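>>> just to be clear, the model below is a prediction. Sequence and coordinates:
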Amino acid sequence: MTTINRRSLLALLAAGVTAAAVPQAAGASPPTSAAAAPTAYRLVLPEPTGPYPIGTTELHLVDKSRADAWMPGRQRELMISVWYPALPGAHGPRAPYAPPHVAAPLADEVGAVLGLKPGRIDYAGTPTHARTGVRSLGRYPVILYSPGFGTSRLLGTNHVEDLVSRGYVVVTMDHTGEAPVEFPGGRVAPAVVPADAIQKAAAVRVADTRFVLDNLSRLPRNLTRATDLRRIGMFGYSLGGFAAAEAMLVDRRIDVGANLDGTMQYGFPDGVLSEVAKRGLDRPFLLFGGQGHSHLPQPGSELNDPSWTSFWKNQRGWKLDLGIPAGTHGAFADYQFSVPAVARAYGVPDETVIASLGTVDPERSVAAQRAYLGAHFDKFLKGRPQRLLVQESPRYPDVKFVR
């Protein structure tokens, strides 16, 4: 929740911090990295739990009405991915975990925290469970996803795939300027956002979200016929979770939201409360925190968050506060499954992983988060009652209800 250099992200995950982009001059070359070696480790993403096969496509959006806040003289442009339930039996190439020109630098940031040389993790060669060029099936509620400050949209892939497999269209957004973003033709927009620009970054993200919402009715035909724009949700990790709440405050198209371990103030542990923290919402919202991060002050905890306390007091819609006490900030992104696997592959000591992610069992943590996120959106976007949201479940002993 305190902003840091994003290349130090995983080293400090146990402290519950968010990442910030490394400032670069506008138009500078993207971070250089050795190409993935032939023996570089390829991740295995957790298997989606729902019945639907997954399709995905990337789209380049240009907001001609808005100048880029970080790159003077340029229009704001975004890359998004649209993930959707696909026609059963459809054949198409598996989508890679990351585009080729940003895969290596993004992977090497994780490798460096584990003490690995560049090129030891192959994001570009890692397949997702989604296929490209396949037809959509049916019409489904839409969920938007916003990543952590200074991080790529790919870091929510495990949650995104699972939600799509359960019957949702999920739109993931990169917020240009915070992390390297690859545009059509291999052009890479570098990270230029300074670490102390949280308030401005949050405002830009809300504008990005509203622009993406504006464009959902103008997607290619294969996608528009899959999207039910009468039912829209949003969730995010870290600053992305904060952005979900802030976007809901000003845009009533979003019916329900969830915040994965993101503070809702500008600076942590001390900082100015956001508007949504001061005013709350009149629609359902889920808080899901790690390591004691909750709306109730925890004695002796460094994660006491006044913004969650204020939001909880002022929230008028349905609310729930869940926690994974044995998991850190990083447990709520793809680090939860990728870091332990890479560490095992290269013989990195368990202590290094625990220092970054806590002692929660990685597979149990991923399964529990997927179950509660799915139940949350099923309840409010599909109208299905969810016992899982009423009380703690013995199936997911790592998750605690904060009353």
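Received it, and whenever you're ready, just let me know what you need.
>>> low-confidence ranges in the stretch 101-250 of the chain?
Within the stretch 101-250 of the chain, no range satisfies pLDDT under 70.
>>> Leu249 is in contact with Glu275, correct?
Yes. At 6.1 Å, Glu275 counts as touching Leu249 under the criterion of Cβ atoms under 8 Å. C-beta: built from backbone N, CA, C; applies to glycine.
>>> between those two, which one's more packed in?
When neighbours are counted by other Cβ atoms under 10 Å, Glu275 and Leu249 differ, and Leu249 comes out ahead with 21 against 12.
>>> and the more buried one, that's in a helix?
Yes. Assessed with DSSP: H, G, I helix; E, B strand; the rest coil, Leu249 lies in a helix.
>>> element containing the residue nearest to it when sequence neighbours are not counted, please.
Nearest residue to Leu249, sequence neighbours excluded (Cβ to Cβ, 6 or more residues apart in numbering): Val276, at 4.6 Å. According to DSSP states H and E, Val276 maps onto helix 275-279.
>>> packing partners of that helix?
helix 239-250, helix 306-314 (3 or more Cβ pairs under 8 Å, 6 or more residues apart in numbering; DSSP states H and E).
>>> and the ones you listed, which is most packed in?
Across those, averaging neighbours per residue (mean count of other Cβ atoms under 10 Å) puts helix 239-250 on top, at a mean of 27.
>>> contacts for that helix, please.
18, 144-149, 156, 198, 201-202, 205-206, 209-210, 234-236, 254, 257-264, 274-276, 279, 281, 283, 285, 311 (Cβ atoms under 8 Å, 6 or more residues apart in numbering).
>>> direction included, what does the next helix or strand after that helix pair up with?
Next helix or strand after helix 239-250 toward the C-terminus (DSSP H and E): strand 256-260. Using DSSP bridges, the strands paired with strand 256-260 are strand 227-237 (parallel), strand 285-290 (parallel).
>>> redo those as CSV? Include distance to Ala375 and mean neighbour count.
Compiled in CSV, these are given as follows (distance: least, Cβ to Cβ, whole Å; neighbours: other Cβ atoms under 10 Å):
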stretch, distance to Ala375, mean neighbour count
strand 227-237, 12, 22
strand 285-290, 10, 28
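>>> just to revisit the earlier point, so the residue nearest to Leu249 is in contact with Phe311, correct?
Yes. Assessed by Cβ under 8 Å, Val276 is found in contact with Phe311 at 6.6 Å.
>>> which helix runs longest in this protein?
Using DSSP state H to define each element, the chain has its longest helix at helix 362-381.
>>> and that one, C-alpha only, in CSV?
The C-alpha trace of helix 362-381 is given here as CSV (Å, rounded to 0.1, in the frame of the first residue of the first chain):
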residue,chain,number,x,y,z
PRO,A,362,-0.6,-21.3,-2.5
GLU,A,363,-3.1,-23.8,-4.1
ARG,A,364,-5.6,-23.3,-1.2
SER,A,365,-5.2,-19.6,-1.4
VAL,A,366,-5.9,-19.5,-5.2
ALA,A,367,-8.9,-21.8,-4.8
ALA,A,368,-10.4,-19.8,-2.0
GLN,A,369,-10.0,-16.4,-3.7
ARG,A,370,-11.6,-17.8,-6.9
ALA,A,371,-14.5,-19.3,-4.9
TYR,A,372,-15.3,-16.1,-3.1
LEU,A,373,-14.9,-13.8,-6.1
GLY,A,374,-17.1,-16.2,-8.1
ALA,A,375,-19.7,-16.3,-5.4
HIS,A,376,-19.7,-12.5,-5.0
PHE,A,377,-20.4,-11.8,-8.7
ASP,A,378,-22.8,-14.8,-9.0
LYS,A,379,-24.9,-13.3,-6.2
PHE,A,380,-25.1,-9.8,-7.6
LEU,A,381,-24.8,-10.2,-11.4
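>>> taking strand 227-237 as reference, get the angle to it.
On the basis of axes from the mean of the first three to the mean of the last three Cα atoms, to 10 degrees, helix 362-381 is oriented at 140 degrees to strand 227-237.
>>> helix 362-381: which residues count as buried?
The neighbour-count check on helix 362-381 (16 or more other Cβ atoms under 10 Å) flags 362, 364-381 as buried.
>>> helices and strands around it, which ones?
strand 140-146, helix 157-165, strand 227-237, strand 256-260, strand 285-290, strand 319-324, helix 335-345.
>>> next SSE downstream of that helix?
Counting by DSSP H and E, what follows helix 362-381 is strand 400-401.
>>> so what touches that following strand?
Leu320, Asp321, Leu322, Gly323, Ile324, Pro325, Gln391, Glu392.
>>> no more questions from me, cheers.
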